[in-house]
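>>> pasting the sequence and the predicted coordinates here, then a few questions.
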Amino acid sequence: MKYTDIKADIKNESALYPELDLYRESFREKNESVLLEILRRNRTTEFGSLHGFSDIKNEAQYKTAVPVSVYSDYREMIRRMRNGAKDIITADPVYCCLVTSGSTEAGKLFPITTKALEIYGDVMDRYLAGRSKKEEGKRFFLSFLVADTDKKCREEDVMLFTSSYYRYLYEQGILNVEKISGGRYLNFFPNACDYLYAKLWIAFADENISSMESVYLYDFLIFFQYMEDHYDEVLSDMEAGRIPSEKGFSEVERKALLDLTVSEERLRAVRRECGKGFLNIVERLWNNVGIISGIGSKAFQVEEISIRKYIGELPVWHYIYAASECVMGVPVKQDSYDYILYPGTAYYEFREENTDRILGGSELVTGQVYEPIITTFSGLYRYAMGDVLKVTGFYGELPVFRFLHRKNLVMNIAGEKLDMELLDRAVRYWARDRKTPVWQYFFCEDYKVVPAGYHGVIAPEDEKMSPWTLDEEEEARHFDHLLCLLSRDYDELRNLGSISRVELSFVDKSTFMKISSRRPSMSGQTKPQHIWRSV
């Protein structure tokens with residue numbers, strides 16, 4: 001194994017996660033002990049009995065008894081659990097059912113147990129809970145949390161993972177929602193509503209915000225664009241003390257918004273600053289903000305560059321590597337795309353790219369690419385995640401990795417396999433060469449041409465630049481040249497005539513948003529989707 005120790009990088013953050021120092025020299029032992037605990041807890045379940053959990057004494061026996069699995073292996077068992085069956089894949093009480101955001105297919109359903117949430121603890125919230133320039137500052141949480149805090153969470157409730165996680169912290173008394181701008185009724189919404197309207201109202205009302213947080217950083221791009229388009233409407237309603245009924249708020253939520261204390265002086269200041277434009281708007285409206293938080297990756301840098309228009313040079317905290325299946329990693333440091341594998345939340349294996357060998361953490365090599373295979377406290381056994389990770393180093397024995405893309409989010413017409421990170425690099429290089437910052441974009445496979453090729457839709461950042469001022473033919477030739485430089489396979493297939501030259505269309509932001517709105521997504525928690533299967 002090739003070690004690249006990143007101790008110096010994590011030194012300033014390690015006090016936040018003492019678990020890392022506890023297991024950095026004994027990850028293999030910890031990993032196996034987690035596995036045996038999961039098997040012990042679930043030995044009497046239907047799945048455990050079928051696979052002989054009671055007789056398994058070590059990792060090798062487990063790997064022999066249980067094959068690698070995918071979601072379709074669990075679909076019928078989860079359906080039975082939803083209909084009231086017990087002890088199917090987990091013996092622990094189920095907290096609720098999670099629905100995935102469906103970035104690659106229709107949303108999948110997963111149970112999450114109270115034991116899993118207990119083990120995750122406050123790891124996602126630990127850093128930001130006390131991170132501010134001033135003690136009296138409040139946190140601003142942008143993303144939409146679906147839950148009714150007046151009722152106890154039920155096993156049959158269906159939520160996004162973040163909603164269940166923060167709801168659990170709230171029920172345990174760990175999350176103090178009164179330290180979050182808007183309080184409990186304006187952070188947990190049990191009904192569909194215009195949540196961006198509410199969030200903008202909350203943000204305008206509170207000048208003492210100390211951190212701005214979302215699930216995905218991309219949420220902020222949507223939020224700030226909404227601010228540009230609707231600030232006058234929201235401010236006018238705040239000044240008049242009215243909330244249009246079509247916004248979809250309950251009476252409790254309407255009252256909570258109207259009860260927020262905001263002075264006329266504050267409203268005048270907000271209107272004045274918005275009227276000047278939105279460059280560095282966070283510093284101008286909320287000068288107490290010390291950090292911006294949200295999940296990002298190297299594959300979404302175009303959107304993060306666009307967000308810089310609004311947040312300036314504020315530090316960014318990519319606060320967690322997690323999915324509906326499991327919490328798996330914590331950041332190395334601020335402004336870093338690298339995560340450290342978080343021990344104890346699951347049993348971890350890794351499938352090596354190209355060879356399909358299943359390896360343990362001690363067998364990984366810096367620079368190589370792997371898919372995580374997890375066994376969890378919520379009833380997934382040797383589950384293939386579908387994420388593609390690149391190992392960038394180690395913290396002792398703990399792997400440090402960077403998310404690259406989802407296995408099934410790769411465009412592939414003739415074997416070239418263009419992933420999200422490569423596309424993002426091509427767009428950034430095109431923007432650099434043409435001195436034309438990009439706001440958002442997507443690409444899809446185009447089988448209407450022969451041979452098939454790719455079609456990209458790009459929305460420039462500069463609203464003064466009419467998209468039709470760009471020569472689409474000329475820009476497509478240049479973009480095709482960049483793809484050839486970045487991908488040897490693409491270059492070879494283009495030269496062989498197996499793929500047509502890429503085509504580009506340029507649209508303004510409003511048109512791009514209209515196109516995007518046709519695609520299903522979960523309200524208030526949105527990932528940029530650079531690869532579309534069709535328009």
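Everything's here; your move.

>>> from here on, contacts and neighbour counts on C-alpha atoms
OK.

>>> so where do the helices sit in the stretch 251-400 of the chain?
In chain order, the stretch 251-400 of the chain shows helices spanning 251-258, 264-275, 281-285, 301-311, with DSSP state H, counting those that start in this stretch as the criterion.

>>> worst average pLDDT in these?
For the helices of the stretch 251-400 of the chain, mean pLDDT drops lowest on helix 301-311, to a mean of 89.

>>> list the buried residues in it.
Buried residues in helix 301-311, defined by neighbour count with 16 or more other C-alpha atoms under 10 Å: 301-307, 309-311.

>>> could you say what helices and strands it packs with?
Contacts defined by 3 or more C-alpha pairs under 8 Å, 6 or more residues apart in numbering; DSSP states H and E place helix 301-311 against helix 218-240, helix 281-285, helix 420-434, strand 438-446.

>>> about what we covered before: of the buried residues of helix 301-311, closest to Val427?
Using C-alpha to C-alpha, Val302 is the member of the buried residues of helix 301-311 that sits closest to Val427, with 7.6 Å.

>>> any idea how far the closest one is from Gln440?
Distance of Val302 to Gln440, given as C-alpha to C-alpha, to the nearest Å: 7 Å.

>>> please apply the same query to Val34.
According to C-alpha to C-alpha, Val34 and Gln440 sit 42 Å apart.

>>> looking at those two, which is more packed in?
Taking neighbours as other C-alpha atoms under 10 Å, Val34 and Gln440 compare with Gln440 leading, 24 against 21.

>>> what bridges to that one?
Beta-bridge pairing for Gln440 (DSSP bridges): Ala459.

>>> how about the helices of the stretch 251-400 of the chain in JSON lines, adding distance to Ser505?
Compiled in JSON lines, these are given as follows (distance: least, C-alpha to C-alpha, whole Å):
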{"stretch": "helix 251-258", "distance to Ser505": "41"}
{"stretch": "helix 264-275", "distance to Ser505": "31"}
{"stretch": "helix 281-285", "distance to Ser505": "30"}
{"stretch": "helix 301-311", "distance to Ser505": "17"}
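
>>> which stretches of the stretch 301-450 of the chain form strands?
Taking DSSP state E, counting those that start in this stretch to define them, one finds strands in the stretch 301-450 of the chain at 316-317, 321-323, 326-331, 338-341, 346-352, 358-359, 369-376, 383-384, 387-395, 398-406, 410-411, 418-419, 438-446.

>>> name the helices or strands packed onto the second one?
Think strand 321-323. Counting contacts by 3+ C-alpha pairs under 8 Å, 6+ apart, strand 321-323 packs against strand 326-331.

>>> then stretch 78-85 to PDB, C-alphas only?
Extracted in PDB, the C-alpha atoms of stretch 78-85 (Å, rounded to 0.1, in the frame of the first residue of the first chain):
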ATOM      1  CA  ILE A  78     -38.400  -3.100   1.500                       C
ATOM      2  CA  ARG A  79     -41.900  -3.200   0.000                       C
ATOM      3  CA  ARG A  80     -42.900  -5.900   2.600                       C
ATOM      4  CA  MET A  81     -41.400  -3.700   5.400                       C
ATOM      5  CA  ARG A  82     -43.500  -0.800   4.200                       C
ATOM      6  CA  ASN A  83     -46.600  -3.100   4.500                       C
ATOM      7  CA  GLY A  84     -45.800  -3.800   8.100                       C
ATOM      8  CA  ALA A  85     -43.500  -6.900   8.000                       C
END
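
>>> okay, buried residues for it please.
For stretch 78-85, the neighbour count (16+ other C-alpha under 10 Å) marks 78, 81-82 as buried.

>>> and which of those is nearest Asn354?
Ile78 (31.3 Å).

>>> helix, strand, or coil at the closest one?
Classification of Ile78 by DSSP: H, G, I helix; E, B strand; the rest coil places it in helix.

>>> mind listing what Val66 touches?
For Val66, the contact set (C-alpha atoms under 8 Å, 6 or more residues apart in numbering) comprises 51, 381-382.

>>> correct me if wrong: Asp424 contacts Phe300.
Yes - Asp424 is within contact range of Phe300, at 6.7 Å (criterion: C-alpha atoms under 8 Å).

>>> ok, these two, which is more surrounded?
Using other C-alpha under 10 Å as the criterion, Asp424 and Phe300 rank with Phe300 on top: 23 against 20.

>>> distance check, the more buried one against Ile340.
Noted for Phe300: a distance of 20 Å to Ile340, by C-alpha to C-alpha.

>>> shaky segments in this protein?
For the chain, applying pLDDT under 70 flags the ranges 1-16, 101-107, 127-136, 463-468, 517-527, 533-535.

>>> centre of the chain to stretch 451-465, how far?
When distances are taken as C-alpha atoms, centre = their mean, to the nearest Å, stretch 451-465 is centred 24 Å away from the chain's centroid.

>>> what's the answer for stretch 339-349, then?
18 Å.

>>> one more: stretch 22-37?
With C-alpha atoms, centre = their mean, you get 27 Å for stretch 22-37.

>>> and for stretch 448-464?
With C-alpha atoms, centre = their mean as the basis, stretch 448-464 stands 25 Å off its chain's centre.

>>> if you count neighbours, what's buried in it?
For stretch 448-464, the neighbour count (16+ other C-alpha under 10 Å) marks 452-461 as buried.

>>> quick check: phi and psi at the residue nearest to Tyr429 when sequence neighbours are not counted.
Using C-alpha to C-alpha, 6 or more residues apart in numbering and skipping the chain neighbours, the partner closest in space to Tyr429 is Leu482 (7.6 Å). Per-residue torsions, Leu482: phi -60, psi -40 (degrees, to the nearest 10).

>>> and what of Ser210?
When read as degrees, to the nearest 10, the backbone of Ser210 gives phi -110, psi -20.

>>> how many neighbouring residues does it have?
By other C-alpha under 10 Å, neighbour count at Ser210 equals 27.

>>> quick one: it and Gly137 touch, right?
Yes - if you go by C-alpha under 8 Å, Ser210 and Gly137 touch, sitting 4.8 Å apart.

>>> what do those two both touch?
Common neighbours of Ser210 and Gly137 (C-alpha under 8 Å, 6+ apart) are Asn288.

>>> which one of the contacts of Val66 has the most neighbours?
For these, neighbours were counted by other C-alpha under 10 Å; the highest total belongs to Tyr381, with 26 neighbours.

>>> that residue: what's it in contact with?
If a contact means C-alpha under 8 Å, 6+ apart, then Tyr381 has 66, 68-69, 374-375 as its contacts.

>>> Asp92: which of these is nearest?
Closest approach to Asp92 among these (C-alpha to C-alpha): Thr375, at 14.6 Å.

>>> so how far is Met81 from that closest one?
Applying C-alpha to C-alpha, the value for Thr375 to Met81 is 19 Å.

>>> helix or strand for Ser211, which one?
strand 209-216 (DSSP states H and E).

>>> on that earlier part again, is it possible to get CSV of the helices and strands packed on helix 301-311 that adds distance to Ala116?
Formatted as CSV, the helices and strands packed on helix 301-311 follow (distance: least, C-alpha to C-alpha, whole Å):
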stretch, distance to Ala116
helix 218-240, 27
helix 281-285, 36
helix 420-434, 31
strand 438-446, 36
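
>>> just the ones you listed: most buried one?
Most buried of these, by mean neighbour count (mean count of other C-alpha atoms under 10 Å): strand 438-446, with a mean of 21.

>>> tell me what it is packed against?
Going by 3+ C-alpha pairs under 8 Å, 6+ apart, strand 438-446 lies up against helix 301-311, helix 420-434, strand 453-460, strand 531-532.
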